[in-house]
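**Q** okay, here's the prediction I keep looking at, along with the sequence it came from:
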Amino acid sequence: MLLLQFSTSHYCRKARLALGYKGLPYQVQNLTPGLHLLRLKPLTGLTTVPVLLPQQPDQPQAIADSTRIFRYLEALAPEPALFLKDENAQRQAWLLEDWLDESIGTATRFVYYDFRAGTGKSLDPSLSSQIVINIVRRQYGITPASVKLAAERLEQAFSILSPWQKQPYLLGNLSLADLSAAALLSPLARIPEYRDRHPWLFQRLREIHALCHEPLPPGLS
């Protein structure tokens, strides 16, 4: 299998966690933002990563989107399971996964790139890094107002995910909700404010990454 990705994308981290948890061998190909369109458009008709190429007979040529990758991997390798046996619990897992994808992953991106352009600039003050950061901020419309809204969404997320403080998994057993949260909140590990205020969150991130045999994200390694 080949995973087409941006090396820094937390959505691609989500796919890697699933592949690692399933114990499936795979390789990664890191794409260059902008030029990635030439690689992805002919394969999927889309412009986003991650994209998984199964490279197996009688398998799809390409699976785009981390949620679809979850579904594909569960059908390909049902054990160890990412889907919960209880149907109601699995529906909750899908709701959490969708909310994390559509709202919290975006909020994390806004807060992270605002940090990297400001007090976190010292993490990599090189011109090339700052150019990329400024491109991302313009591309996604990251402004002081949108960052404030994103920070408020994250505070709500910590409240919703608070069961993680007292139990290793959000819904009793490991599910795609845990992998999604561990991946999509991982950029916050580089921001001292969040590490200091929510140590339980980053303990869970460490545990999920270890379970999935995935290297820790920057800030936790």
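**A** Happy to help now that I have it.
**Q** give me the distance between the two termini of stretch 155-164.
**A** 15 Å (Cα to Cα, to the nearest Å).
**Q** which outside residues touch that stretch?
**A** Stretch 155-164 is contacted by residues L100, I104, A107, L170, A181, L185, H198, W200, L201, R204 when judged by Cβ atoms under 8 Å, 6 or more residues apart in numbering. All C-beta atoms are positioned from the backbone trio N, CA, C, and that covers glycine.
**Q** quick one: buried ones out of the residues you listed?
**A** Buried members of the contacts of stretch 155-164, scored by 16 or more other Cβ atoms under 10 Å, are L100, I104, A107, L170, A181, L185, H198, L201, R204.
**Q** how about the contacts of stretch 155-164, which pair is most distant?
**A** Across those, the longest distance by Cβ to Cβ is 18.9 Å; it joins A107 and W200.
**Q** if we can go back for a sec, so which of the contacts of stretch 155-164 belong to helices?
**A** Among the contacts of stretch 155-164, the ones falling in helices (DSSP state H) are A107, A181, W200, L201, R204.
**Q** redo those as JSON lines? Include distance to W94 and pLDDT.
**A** As requested, the ones in helices among the contacts of stretch 155-164 are exported to JSON lines (distance: Cβ to Cβ, whole Å; pLDDT from 0 to 100):
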{"residue": "A107", "distance to W94": "20", "pLDDT": "97"}
{"residue": "A181", "distance to W94": "13", "pLDDT": "97"}
{"residue": "W200", "distance to W94": "24", "pLDDT": "95"}
{"residue": "L201", "distance to W94": "22", "pLDDT": "96"}
{"residue": "R204", "distance to W94": "20", "pLDDT": "96"}
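**Q** could the residues you listed go into JSON lines alongside distance to V51?
**A** Supplementary listing: the ones in helices among the contacts of stretch 155-164 in JSON lines, determined by distance: Cβ to Cβ, whole Å:
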{"residue": "A107", "distance to V51": "24"}
{"residue": "A181", "distance to V51": "22"}
{"residue": "W200", "distance to V51": "33"}
{"residue": "L201", "distance to V51": "29"}
{"residue": "R204", "distance to V51": "28"}
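**Q** ok, so of those residues, who is nearest L52?
**A** A181 (20.7 Å).
**Q** and that closest one, what does it touch?
**A** Neighbouring residues of A181 by Cβ under 8 Å, 6+ apart: L96, L100, I104, L161, W164, L170, R204.
**Q** quick one, domains of this structure?
**A** 2-76, 87-211 (automatic domain parsing).
**Q** out of these, which is closest to P218?
**A** domain 87-211 (5.6 Å).
**Q** off-centre distance for the closest one?
**A** Relative to its parent chain, domain 87-211 has a centroid offset of 8 Å by Cα atoms, centre = their mean, to the nearest Å.
**Q** and the gap between L185 and R13?
**A** Between L185 and R13 the computed distance is 10 Å (Cβ to Cβ, to the nearest Å).
**Q** can you give me the buried ones in the lengthiest helix in the chain?
**A** Counting residues, the longest helix in the chain under DSSP H turns out to be helix 144-160. Residues of helix 144-160 classed as buried: S146, V147, A150, R153, L154, A157, F158 (neighbour count, 16+ other Cβ under 10 Å).
**Q** cool, and stretch 52-61?
**A** Of the residues in stretch 52-61, those buried (16+ other Cβ under 10 Å) are L52, L53, P54.
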